[in-house]
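K.L.:
my questions are about this predicted structure, shown below with the sequence.
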Amino acid sequence: MAGTGENAHILIVDDDRLVLATLGGGLRAAGYRVTEAGDGDTALKLAQEVKPDLALLDVRMPGMSGVQLAERLGALGLPFIFLSAYGDPHIIQRAKELGALGYLVKPLDVPQIIPELEAALARAGEIRELKQTGENLSAALESGRETSMAIGILMERRRLDRDQAFEALRSTARSERRRVHDVAAEIVNALETLNRPGSTER
């Protein structure tokens, strides 16, 4: 695996050909190596063959869903980010459980998501190192993971771009004199609570 940097190998999985073409072309232009797949079964075979540094997985696909594919990739030790047009709290919770390194909300603007990809690639490198040293992963990675989730939620709910969403998160943390991670965790947990069965708030 190449790790971080422009030579990193990205696997994009989406049943929308336009998304594949646009995202794939944009990432290649940015210097990444890209492999594309239009369904989960093809993606799983390719992942086993090329062993990408990071996979971008559409959540909702016919056949094997992005969540099911993530379970398989996780078993192979391959890092992934979810792509979705919706800030679905159930998917966000499942993404956390599966160890997703991010949650990107469509439509995607390639220049804006590159910092997120680089951060995910860096965290993937940390995961490999931590696994090799036998350290506990959950505490080390929870901060970055929940911050990414919270940014995705703010983008979807407030119609912000990624930079605006992060700045809103950081401003809230600064004004309340709290850590960004703590505010992010609160946002993620609040959305999960509001959307639990039986909740009266929407």
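P.N.:
Sure thing, it's come through. Numbers count the residues shown, from 1 in each chain.
K.L.:
burial measure for residue 30, as a count.
P.N.:
15 (other C-beta atoms under 10 Å). Every C-beta, even on glycine, is put in place using the N, C-alpha and C of the backbone.
K.L.:
what of residue 117?
P.N.:
If we define neighbours as other C-beta under 10 Å, then residue 117 has 23 of them.
K.L.:
double-check it against residue 52; I have them as touching.
P.N.:
No. Residue 117 lies out of contact with residue 52 (C-beta atoms under 8 Å); the separation is 11.8 Å.
K.L.:
select the longest helix from this protein.
P.N.:
helix 110-133 (DSSP state H).
K.L.:
and residue 10, that's in a helix?
P.N.:
No. Secondary structure of residue 10, determined by DSSP: H, G, I helix; E, B strand; the rest coil: strand, with no helix assignment.
K.L.:
all strands for this protein, in order.
P.N.:
9-13, 33-37, 54-58, 80-84, 103-105 (DSSP state E).
K.L.:
going by mean pLDDT, which of those comes out lowest?
P.N.:
In terms of average pLDDT, strand 103-105 trails the rest of those, at a mean of 86.
K.L.:
list the neighbouring strands of that one plus their orientation.
P.N.:
Looking at strand 103-105 with DSSP bridges, its partner strands are strand 80-84 (parallel).
K.L.:
lowest-pLDDT helix or strand in this structure?
P.N.:
helix 137-158 (a mean of 75; mean pLDDT, DSSP states H and E).
K.L.:
circling back: now the longest helix of the chain and strand 54-58, what's the angle there?
P.N.:
Helix 110-133 and strand 54-58 are oriented at 120 degrees to each other (axes from the mean of the first three to the mean of the last three C-alpha atoms, to 10 degrees).
K.L.:
now helix 110-133: average pLDDT?
P.N.:
On average, helix 110-133 scores 83.
K.L.:
same thing with stretch 16-29?
P.N.:
pLDDT averaged over stretch 16-29 gives 93.
K.L.:
buried sites along it?
P.N.:
Residues 19, 20, 22, 23, 24, 26, 27 are the ones in stretch 16-29 that count as buried (16 or more other C-beta atoms under 10 Å).
K.L.:
equivalent analysis for stretch 37-55, please.
P.N.:
37, 38, 39, 40, 43, 44, 46, 47, 52, 53, 54, 55.
K.L.:
what's the closest of these to residue 76?
P.N.:
Distances from residue 76 to the buried residues of stretch 37-55, taken as C-beta to C-beta, are shortest for residue 47 (6.6 Å).
K.L.:
need the contact list for residue 110.
P.N.:
Listed by C-beta atoms under 8 Å, 6 or more residues apart in numbering, the contact partners of residue 110 are 22, 23, 26, 27, 29, 30.
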